[in-house]
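>>> sequence plus predicted model, see below.
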Amino acid sequence: DAKTTQPPSMDCAEGRAANLPCNHSTISGNEYVYWYRQIHSQGPQYIIHGLKNNETNEMASLIITEDRKSSTLILPHATLRDTAVYYCIVRASSEAGNMLTFGGGTRLMVKP
Amino acid sequence: NAGVTQTPKFRILKIGQSMTLQCTQDMNHNYMYWYRQDPGMGLKLIYYSVGAGITDKGEVPNGYNVSRSTTEDFPLRLELAAPSQTSVYFCASSYRRNQDQYFGPGTRLLVL
């Protein structure tokens, strides 16, 4: 699986959009970009994933660059409850692909 | 649905003791996983199972054993507890190998 690079920490004001970047310059054609988050002392929670096109669900939006070497997770209106560690993971889509590998992630602090 | 449940929530073990961490899911998922998370670090895969009767090693299997006699249950066994096994243990499940995983609340283990 491709390696990902994320900033270790970010701050965001409550009510503003939180934009979390992820670099994955070695991503290959069959690899998806997944985002999970982990709120303190809880298990990780799936947020969103995508291959090429931008994706949106009730939690967030995922913007993937045209060359697929980087992506941005957008929380449109961050709340205090969005304070968590956010993990960007790149992995193959096939049944034979490797298992999920969590790196260090980005610690997002939403401030009032 | 209760989702993924884990017991106990917290346990203190003495060096050399053994214990079983329980994990149950009620979503009829084929895949189940055990991760450990050391303080300030990402998750590391210990063992996983692709269905009842089938298990395989992950990234850090040494010192642990698993079994999968039913679809619902995936217990993790520590035979001779060591201080290096002090960690938070998360169980997860998914319907397919590379689909989003659902995590349990975790078991915090302290080995003294």
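It's in. Numbers count the residues shown, from 1 in each chain, chains lettered A, B, ... in the order given.
>>> per-residue confidence for residue 7?
Going with chain A. If you check A:Pro7, the pLDDT there is 96.
>>> oops, wrong one, chain B.
For B:Thr7, the pLDDT comes out at 97.
>>> check A:Met99 too.
Looking at A:Met99, its pLDDT reads 67.
>>> swap in A:Asn53?
You'll see A:Asn53 listed with a pLDDT of 87.
>>> likewise for A:Ser28?
Reading off the confidence values, A:Ser28 has pLDDT 87.
>>> repeat that for A:Ala2.
With respect to pLDDT, A:Ala2 scores 63.
>>> quick check: the residue of chain B nearest chain A.
Closest to chain A within chain B is B:Phe103: 2.9 Å, counting by C-beta to the nearest C-beta. Every C-beta, even on glycine, is put in place using the N, C-alpha and C of the backbone.
>>> for that residue, which non-adjacent residue is closest in space?
A:Gly43 (2.9 Å; C-beta to C-beta, 6 or more residues apart in numbering or on different chains).
>>> quick one: which helix or strand includes the one you found?
Counting by DSSP states H and E, no helix or strand carries A:Gly43.
>>> ok, now which ones touch the residue of chain B closest to chain A?
For B:Phe103, the contacting residues are A:Gln42, A:Gly43, A:Pro44, A:Gln45, B:Val4, B:Phe90, B:Cys91, B:Ala92, by C-beta atoms under 8 Å, 6 or more residues apart in numbering or on different chains.
>>> quick check: the residue nearest to B:Phe103 vs B:Tyr33, distance?
Separation of A:Gly43 from B:Tyr33 (C-beta to C-beta, to the nearest Å): 11 Å.
>>> any shared contact partners between those two?
B:Ala92.
>>> re earlier: of the contacts of B:Phe103, closest to A:Leu80?
Taking C-beta to C-beta as the measure, A:Leu80 lies nearest A:Gln42 of the contacts of B:Phe103, at 15.1 Å.
>>> for the nearest residue to the closest one once chain neighbours are set aside, the count of nearby residues, please.
Distances taken as C-beta to C-beta, 6+ apart put B:Pro105 closest to A:Gln42, at 6.3 Å, once the chain neighbours are dropped. By other C-beta atoms under 10 Å in any protein chain shown, 17 other residues sit near B:Pro105.
>>> before we move on, what about B:Thr70?
Neighbour count for B:Thr70, taken as other C-beta under 10 Å: 10.
>>> run a quick check on it versus B:Ala52, I expect a contact.
Yes - the pair B:Thr70 and B:Ala52 passes the contact test of C-beta atoms under 8 Å, sitting 5.8 Å apart.
>>> ok so, going back, the residue nearest to A:Gln42 contacts B:Gln6, correct?
Yes - B:Pro105 lies in contact with B:Gln6 (C-beta under 8 Å); the separation is 5.9 Å.
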